[in-house]
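>>> everything below, folded, please.
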Amino acid sequence: MPEKIDRAELARIIKIQRNEITEYKVYRRLARVVPHKADQEVLEKIADQEKNHYEIWKKVTGKSIRPSKIKGEAHYWISRILGINFGLRLMEQGERLAVEAYKRLKKTHPEVAKIIRDEQKHEEKILNMISDHKLQLIGSVVLGLNDALVELTGAIAGLTLALQDTRLIAIVGFITGIAASLSMAASEYLSTKEEGNRKKALRAGVVTGISYIITVLLLIIPYFIFKNPFIALAVTLAIAILIILVFTFYTSVARNLSFKKRFLEMAAISLGVAFLSFLIGLAINHFFGT
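I've put the predicted structure just below:
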């Protein structure tokens, strides 16, 4: 089989083959550390599929390929730290490398392309079966982060023009943020408690409050660094966009959602509120002469 493939194509397929055996090792390793037996079985099943993919490509290339240790370690620890769903979906995005190879091999090895495509669809269904504790807390994190971004960017933008004193803006913003975080945490606790699980409600409330406070601290830091309030506001807005970018990327990968749509929507809301609040601050500054 290898003689039917040119050197450039063979190199691409070998890269795909290495990905398959690397992912096999990662899935097997994760299967040994996940707490639930059902999840262990799911991961072992996907591992077997990846091994099967590797064997198929091995028939095409005629070569035995070793896994990438660096890539394998990276995906393993990303999955352990940031959650199984995020780590595995991020790893599965590497399967897109095979798309062009599928097209090129369709005529010479049609069975390879068909088998791999079918297995990929099956893998996506299996990934959706995995229960991930970290992903279950995402709702609480999103609530705290979204509210902090919208409320604080708006409040800080308004205070910037109304007060024009960076230290005072930072103090007022911090007090406002702490009060709001406690309120949000309590509201999330009471709301989740209605489901009848007090432990889950407490965890949701704590996660919401902490994510809110962390966001508040990140947004007011520029006002402790810069003396010019407008420079501080610009940096704060940049930080807000960066937070939205990072978190949207995480949720879009972990939940297999559209990154662009979610990012633009969240950024538009936060910046829109900040702009309106800035206009309100402008009006207050004009009419009250602060």
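
>>> now for the host helix or strand of K71, which elements pack on it?
Per DSSP states H and E: K71 is located in helix 69-82. Under the contact criterion of 3 or more CB pairs under 8 Å, 6 or more residues apart in numbering; DSSP states H and E, helix 69-82 touches helix 7-31, helix 84-92. All C-beta spots, glycine's among them, are computed from the backbone N, C-alpha and C.

>>> buried residues of it, list them for me.
By neighbour count on 16 or more other CB atoms under 10 Å, the buried set for helix 69-82 is K71, G72, A74, H75, Y76, I78, S79, L82.

>>> as TSV, these with distance to L237 would be great.
Compiled in TSV, these are given as follows (distance: CB to CB, whole Å):
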residue	distance to L237
K71	36
G72	39
A74	32
H75	34
Y76	36
I78	29
S79	33
L82	26
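
>>> distance of the nearest residue to I239 once chain neighbours are set aside from F249?
Nearest non-adjacent residue to I239, counting by CB to CB, 6 or more residues apart in numbering: L218, 5.5 Å away. Computed as CB to CB, to the nearest Å, the L218 to F249 distance reads 17 Å.

>>> by contact count, what packs against the host helix or strand of L161?
Using DSSP H and E, L161 falls within helix 138-163. Packing partners of helix 138-163 (3+ CB pairs under 8 Å, 6+ apart): helix 166-193, helix 198-225, helix 229-254, helix 259-288.

>>> which ones are touching the nearest residue to V206 once chain neighbours are set aside?
With CB to CB, 6+ apart as the criterion, V206 has its nearest non-adjacent residue at 6.7 Å, and that residue is A185. Counting by CB atoms under 8 Å, 6 or more residues apart in numbering, A185 makes contact with G144, G205, V206, T208, G209, Y212.

>>> buried subset of the residues you listed, written for ChimeraX?
Listed next is the ChimeraX selection for buried residues among the contacts of A185, using 16+ other CB under 10 Å:
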select :144,205,206,208,209,212
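
>>> adding pLDDT and distance to F174, write the contacts of A185 out as TSV.
Formatted as TSV, the contacts of A185 follow (pLDDT from 0 to 100; distance: CB to CB, whole Å):
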residue	pLDDT	distance to F174
G144	69	16
G205	82	21
V206	85	20
T208	82	18
G209	84	15
Y212	85	12
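
>>> from the contacts of A185, which is closest to I225?
Of all the contacts of A185, I225 sits closest to Y212, with 21.7 Å by CB to CB.

>>> looks like that closest one contacts T176 (just checking).
No - using CB atoms under 8 Å, Y212 makes no contact with T176, being 11.3 Å away.

>>> which stretches of the stretch 101-250 of the chain have low pLDDT?
By pLDDT under 70, the low-scoring segments of the stretch 101-250 of the chain are 101-140, 143-144, 195-196.

>>> what separation is there between the nearest residue to M91 once chain neighbours are set aside and G87?
Excluding the flanking residues, the one nearest M91 by CB to CB, 6+ apart is H75, at 4.7 Å. Distance of H75 to G87, computed by CB to CB: 6 Å.

>>> quick one, what contacts the residue nearest the centre of the chain?
By CA atoms, centre = their mean, the mean C-alpha position of the chain lies nearest to Y250, the distance being 0.3 Å. Y250 sits next to L82, F86 when contact means CB under 8 Å, 6+ apart.

>>> gap between it and V235?
23 Å.

>>> so what are the domain limits for this protein?
The record's domain parsing of the chain by automatic domain parsing lists 2-131, 137-288.

>>> quick check: buried residues in stretch 250-265?
By neighbour count on 16+ other CB under 10 Å, the buried set for stretch 250-265 is Y250, T251, S252, V253, A254, R262, F263.

>>> pLDDT-wise, what's the bottom of those residues?
Minimum pLDDT for those is recorded at A254 (73).

>>> hang on, isn't that residue packed against N85?
Yes - with contacts counted by CB under 8 Å, A254 reaches N85, the gap being 4.6 Å.

>>> out of the helices and strands packed on helix 138-163, nearest to E151?
That would be helix 166-193 among those, by CB to CB, at 6.0 Å.
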